[in-house]
Structures are given as C-alpha cells and as structure tokens.
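>>> I'd like to go over a predicted model; first the sequence, then the structure.
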Amino acid sequence: VQLVESGGGLVQPGGSLRLSCKASGFPLEHFGIGWFRQAPGKEREGVACSSNRGGNTYYADSVKGRFTMSRDNVRGTVYLQMSALKAEDTAVYHCAKECYSDLLSWGSWGQGTLVTVSS
C-alpha cells in the first residue's frame, strides 16, 4: 500500500488549493479513502471520507461547503478541493485508506502535505 500526497503550499486566507493523493498497491474502488489533518500541537481531525466506489462522501462540519473530495478509481487518485481557506485550516493533510463515516478511524496513510493559510 502506498499513498503519496501532493499539492500543499502557502495560500492566503480566502484562497483555494487542490490536494492530490496517488494510491497504489490496492484496488482503490474497493476501499473507502479519505483525508485527515493534523495541526501542530493539535489532535488529528478527520476531514472527509469517500466510501468504497464513491457512493457517499462524508465531511467534517468544519469544512462542509468549503471542501470537496473526489476520486478517480481508474487513475488511482483522490483529490481534495479546498476553497475559502481559513487560518485554522493550516495543517499537514494526510490521505488515508479505510475510512468511515465517523471520520475517526483510519487505516494506512501517507506522509502528508503541508497546507499553510496565512497572509
């Protein structure tokens, strides 16, 4: 199992960013996959989870209406489109295999990509 995130960077408040996660070593369409984030000194926070085959996508209340997750099972890639970014969105974002609607349990995850929201 390998998950490689990319797309992080520095963005101003109110800006947008799209994260990508390339998944390999397992059939993506058979698994739920999602994103969680962790800011310095804070606990891990689930952001979004797409159920296997993409039937349902669950979001944390803190990002609903601003973040959109999508998946391309053929390319083995998942995306997190982030808009109206706030300073509190600053964190390392990890893509993770095997997620659930409660956004609390995660299987394997990648190294992460840093998102910094600052003026």
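That came through, no problem. Numbers count the residues shown, from 1 in each chain.

>>> CA only for contacts and neighbour counts going forward, please
Fine.

>>> How much space separates the residue lying closest to H94 once chain neighbours are set aside from N56?
Nearest residue to H94, sequence neighbours excluded (CA to CA, 6 or more residues apart in numbering): G112, at 4.3 Å. Distance, G112 to N56, by CA to CA, to the nearest Å: 23 Å.

>>> neighbour count winner among the two?
G112 (23 against 11; other CA atoms under 10 Å).

>>> OK, contacts around that one?
Contacts for G112 (CA atoms under 8 Å, 6 or more residues apart in numbering) come out as V4, E5, S6, V92, Y93, H94, C95.

>>> could those be laid out in CSV, adding secondary structure?
As requested, the contacts of G112 are exported to CSV (DSSP: H, G, I helix; E, B strand; the rest coil):
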residue, secondary structure
V4, strand
E5, strand
S6, strand
V92, strand
Y93, strand
H94, strand
C95, strand
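
>>> farthest-separated two in those residues?
Across the contacts of G112, the longest distance by CA to CA is 12.9 Å; it joins V4 and V92.

>>> Correct me if wrong, but Q81 is in a strand.
Yes - according to three-state DSSP, Q81 belongs to a strand.

>>> what's the closest non-adjacent residue to it?
Using CA to CA, 6+ apart, the closest residue to Q81 is R18 (4.4 Å).

>>> what's the one you found in contact with, if anything?
Contacts of R18 by CA under 8 Å, 6+ apart are G7, G8, Y79, L80, Q81, M82.
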